[in-house]
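**Q** Please find the sequence and the predicted model below.
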Amino acid sequence: MSETPLVRIRDVKKHFVADRSFFGRPRRWVRAVDGVSLDIAEGETLGLVGESGCGKSTLGRVVLRLHEPTAGQIFYGDQEITHLSGSKMRPLRHKMQIIFQDPYGSLNPRMTVRAAVAEALRQRVSGLVSSEEEDRVGDLLERVGLRREHMRRYPHEFSGGQRQRIGIARALAVDPRFIVADEPISALDVSVQAQIVNLLMDLQDELSLSYLFIAHDLTVVEYISHRVAVMYLGRVVELAPASAIYASPRHPYTKALLSAVPIMDPSKRRKRILLEGDVPSPLDPPRGCTFHPRCPLAEQGLCDREAPELKAAEEGHLVSCHLAE
């Protein structure tokens, strides 16, 4: 894994209009992503975890410019892509791909596997004769663990795990360097999840891919990720190497998430931390630290007034908490 960032995002925000006034002016905003800064190095997997609705998937789509950012900067390599027009962004599309959560919904049920993968392939390579195109599609299917003869079938003829492999083949067809894997195993049987995760890791080693791996299963994230970012209500509250996050979490929210992870070894089990209340609405996030209404350590007059910065608790381990020490 290289230390050079392939993707950089700086203070990125994405706010959606929740409702408008009688005259059509925005009146309230959903702060889905509210000031996130991250680096993803070449060949690195950055895991992104948090409860449903915390902004993980929105952030992934903003990084790929599938959603326009409200504020902030996005860099791919040395090039800022934050406000590139569609025509200027098009040459970069093949370098930045996405694997969706629903492997069936991302495939056209009326297209054969050959047609679906070839459609993506043509975005990168044009002018192939039919036999050359078929050979390349077959190679891609074999690379993701399917057989060449599968290209004649339709999506409904495959299992969920096989459909996700087809989705991965489509993403690989354009020779990407960076892939957002948006909950790629959450819709799959547990018995299949490990196979897909191992496939992604093998492809990373073989092709030097970089991943933003979005998931809610903390065990899987620990297994696949080099570093882990924990999101809460649109913000990153902790960022560290995976080993450090799981061995010595610093943020109270991270500790609560990890306390719910089942561990077979009784000597390593954590005391369960139950958070009170529900996640606040991104329409009206709490003042100060957004986690303070649910935090068992919160101090009145500090946590409810001043938003903490994401800063180093130790080398390589960043945490956004007044009381992290």
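**A** Cool, got the structure.

**Q** all strands in the stretch 1-150 of the chain, in order from the N-terminus.
**A** Along the stretch 1-150 of the chain, the stretches classed as strands by DSSP state E, counting those that start in this stretch are 5-20, 26-41, 45-49, 71-76, 79-80, 96-99.

**Q** Quick check: residue 216 vs residue 88, distance?
**A** 35 Å (CB to CB, to the nearest Å). Using the backbone N, CA and C atoms, a C-beta is placed for each residue, glycine as well.

**Q** between these two, who's got more neighbours?
**A** Using other CB atoms under 10 Å, the more surrounded residue of residue 216 and residue 88 is residue 216, with 16 against 11.

**Q** could the strands of the stretch 1-150 of the chain be laid out in CSV, adding distance to residue 65, mean pLDDT and mean neighbour count?
**A** Compiled in CSV, those are given as follows (distance: least, CB to CB, whole Å; pLDDT from 0 to 100; neighbours: other CB atoms under 10 Å):
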stretch, distance to residue 65, mean pLDDT, mean neighbour count
strand 5-20, 11, 92, 17
strand 26-41, 13, 92, 19
strand 45-49, 17, 97, 25
strand 71-76, 7, 97, 17
strand 79-80, 11, 95, 12
strand 96-99, 8, 95, 23
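
**Q** so where is the stretch 101-250 of the chain shaky, pLDDT-wise?
**A** Low-confidence segments of the stretch 101-250 of the chain, defined by pLDDT under 70, are absent.

**Q** Would you state the helices of it in chain order?
**A** 113-124, 130-143, 160-172, 190-207, 218-224, 242-247 (DSSP state H, counting those that start in this stretch).

**Q** Please tabulate these in CSV, including the columns mean neighbour count and distance to residue 25.
**A** Output for the helices of the stretch 101-250 of the chain, formatted as CSV (neighbours: other CB atoms under 10 Å; distance: least, CB to CB, whole Å):
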stretch, mean neighbour count, distance to residue 25
helix 113-124, 19, 39
helix 130-143, 16, 49
helix 160-172, 23, 40
helix 190-207, 15, 44
helix 218-224, 18, 41
helix 242-247, 18, 42
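
**Q** possible to save those helices as JSON lines with distance to residue 307?
**A** Below are the helices of the stretch 101-250 of the chain laid out as JSON lines (distance: least, CB to CB, whole Å):
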{"stretch": "helix 113-124", "distance to residue 307": "42"}
{"stretch": "helix 130-143", "distance to residue 307": "46"}
{"stretch": "helix 160-172", "distance to residue 307": "37"}
{"stretch": "helix 190-207", "distance to residue 307": "35"}
{"stretch": "helix 218-224", "distance to residue 307": "25"}
{"stretch": "helix 242-247", "distance to residue 307": "22"}
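
**Q** So for residue 42, which of those helices sits nearest?
**A** Nearest to residue 42, of all the helices of the stretch 101-250 of the chain, is helix 190-207, at 10.7 Å by CB to CB.

**Q** So which other helices or strands are in contact with the closest one?
**A** Contact here means 3 or more CB pairs under 8 Å, 6 or more residues apart in numbering; DSSP states H and E; on that basis helix 190-207 packs against helix 160-172, strand 210-214, helix 218-224.

**Q** follow-up on the earlier one: want to try CSV for the strands of the stretch 1-150 of the chain, with distance to residue 117 as columns?
**A** Below are the strands of the stretch 1-150 of the chain laid out as CSV (distance: least, CB to CB, whole Å):
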stretch, distance to residue 117
strand 5-20, 25
strand 26-41, 26
strand 45-49, 24
strand 71-76, 24
strand 79-80, 28
strand 96-99, 13
